[in-house]
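Enquirer: next input, structure requested:
(one chain, ligands or ions: 1)
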Amino acid sequence: MQRRNTLRPHAVSAGLAALVLLAQGAGTAQAEAAGVAPAAANGAAQVAITLTGDNGGACVLSHAEAKAGPVTFTITNKTATAITEIELMSDTRILGEKENLAPGLPPVSFTVTLGGGDYKVYCPGAKVETVAFKVTGAVAAQPTSSVGVLLADGTKGYANYVDTTVDAMVTAIDRLKAAIDAGDLATAQKTYALARPFYERVESDVEGFVLPGFDATDNAGNLDYLIDMRESNLDPAVGWHGLHAIERDLFEAKAITDNTRTLAAELQKNVGLLDKLAPTLEYKPEDLANGAAGLLEEVQSGKISGEEEAFSHIDLVDFAANVEGAQQAFAFLTPGMEKIDPALTKQVQDQFDVVTEMLESYRDPNGLGGYRLYSAELKAADAAKLSKAIQALQEPLSRIAEKVATAG
Ligand SMILES: [Cu+2]
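Expert: Residues are numbered from 1 along each chain as shown. Predicted coordinates for the structure are as follows:
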């Protein structure tokens, strides 16, 4: 997984972003200097983000600001091997992102409608990871808005986060399938680890991941079952499908067979179905709170126990992804929660900081998925400590659902 530092961003000023532009010797960038309004096309302001390997990894915006309204960010990774994703953030909320970026690939873009205010573009892996982006003009949801408006706005933002995450999952699964089809075990193991975090960030929405026409209890139509089921809990009527069945082949048998290829093809199909389903899902504020709590329960029951990644032992990759997903769900409730109970909001944020900080110590740039393997020794030594930190977060977080459900 990627380097994430969303809770402690290194903020840089728009002025510094301009300096970075100059330092890049952007001869063609006369009209693109920071502060000059970006050109509009298709009704949206156009902002280019260019990633290069220059100066230890650079993330350069063509414009440091835009007017309120739709903004399209087009990202080109020219030569930056260490930067694989960018995120547009407002405080700790991810409003838009592109993952799986690699040098030389065609440009990719996303469009968001932005109200006036201060934003940042987060480029994990760049020398300067955070670049300021300012939007001038009318503010969308204002701090003066009612709690109900702020919470409703948050649920839409979170729905977009889930949708974007599933989009990125599609690309990651395509890569895993390509490696499996090619019979390339080492690449398949690597792409497996890179594909895992996407599902783990959003797996709390499992009640919603049911195919049309199926009962939620029928595993044959339950995408959570079909994508993420572990060996310990199989439904004999439906059999074993999805990522963990592939994990067994890649990490236990260490062999790619026809069965592995069939599993990969099924997985690609099911993730495609999830990609169609995700944009149709709607959330209530308490869904976000319960979802965040559910992800932390997943950490306790599936990751700290070492059960989720029984063959690959990349449980810490999933752990970090569950925490990120929970943190995003909470971040989208934060503007409303700050009005309902600022002290509790601060308490939850502080505990997220503690957990995120702790996870930093397990990062390993050479490890599969960017984290140390969760070996039997590491589990024996650290499980109690990890569990305690999650508990300290679960306690205040568990009080959020009732607060938002009864607000306004
Ligand atoms: Cu899972």
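
Enquirer: going forward, measure contacts and count neighbours with C-alpha atoms only.
Expert: Noted.

Enquirer: the nearest residue to H241 once chain neighbours are set aside: neighbour count?
Expert: Spatial nearest neighbour of H241, excluding adjacent residues (CA to CA, 6 or more residues apart in numbering): L226 at 5.4 Å. L226 is flanked by 22 other residues according to other CA atoms under 10 Å.

Enquirer: pull the CA atoms of stretch 188-201 into PDB?
Expert: Presented in PDB, the C-alpha positions along stretch 188-201 are these (Å, rounded to 0.1, in the frame of the first residue of the first chain):
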ATOM      1  CA  ALA A 188       0.900 -12.000  -9.200                       C
ATOM      2  CA  GLN A 189       1.900 -12.000  -5.600                       C
ATOM      3  CA  LYS A 190       2.900  -8.300  -5.800                       C
ATOM      4  CA  THR A 191      -0.300  -7.300  -7.600                       C
ATOM      5  CA  TYR A 192      -2.300  -9.300  -5.100                       C
ATOM      6  CA  ALA A 193      -0.900  -7.200  -2.300                       C
ATOM      7  CA  LEU A 194      -1.500  -4.000  -4.200                       C
ATOM      8  CA  ALA A 195      -5.100  -4.900  -5.000                       C
ATOM      9  CA  ARG A 196      -6.100  -5.800  -1.400                       C
ATOM     10  CA  PRO A 197      -6.400  -2.300   0.200                       C
ATOM     11  CA  PHE A 198      -9.200  -1.200  -2.100                       C
ATOM     12  CA  TYR A 199     -11.700  -3.700  -0.900                       C
ATOM     13  CA  GLU A 200     -10.600  -3.400   2.700                       C
ATOM     14  CA  ARG A 201     -11.200   0.300   2.700                       C
END
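
Enquirer: buried residues in that stretch, which are they?
Expert: Of the residues in stretch 188-201, 188-189, 191-201 count as buried by neighbour count, 16 or more other CA atoms under 10 Å.

Enquirer: so which of the residues you listed are in helices?
Expert: The helices, defined by DSSP state H, take in 188-189, 191-201 from those.

Enquirer: from those residues, which is closest to A138?
Expert: R201 (32.1 Å; CA to CA).

Enquirer: could you find the closest non-adjacent residue to the closest one?
Expert: G325 (4.2 Å).

Enquirer: okay, and the one you found sits in which element?
Expert: Using DSSP states H and E, G325 sits in helix 315-340.

Enquirer: kindly report the same for A289.
Expert: helix 285-298.

Enquirer: elements contacting that helix?
Expert: Under the contact definition 3 or more CA pairs under 8 Å, 6 or more residues apart in numbering; DSSP states H and E, helix 285-298 sits against helix 147-181, helix 315-340, helix 376-397, helix 400-405.

Enquirer: so which bits of the third one are buried?
Expert: When neighbours are counted by 16+ other CA under 10 Å, the buried residues of helix 376-397 are found to be K379, A383, L386, S387, A389, I390, Q391, A392, L393, Q394, P396, L397.

Enquirer: list the contacts of the first one.
Expert: Neighbour list for K379: I304, S305, G306 [criterion: CA atoms under 8 Å, 6 or more residues apart in numbering].

Enquirer: of all those residues, which comes closest to D249?
Expert: G306 (18.0 Å).

Enquirer: do you know how far the closest one is from A188?
Expert: 21 Å (CA to CA, to the nearest Å).

Enquirer: again, but for V210
Expert: From V210 to A188 the distance is 28 Å (CA to CA).

Enquirer: which positions within stretch 209-226 qualify as buried?
Expert: Here stretch 209-226 shows F209, V210, L211, A216, N219, A220, G221, N222, L223, D224, Y225, L226 as buried, counting by 16+ other CA under 10 Å.

Enquirer: among the residues you listed, which one has the lowest pLDDT?
Expert: The pLDDT minimum for those sits at A216, where the score is 81.
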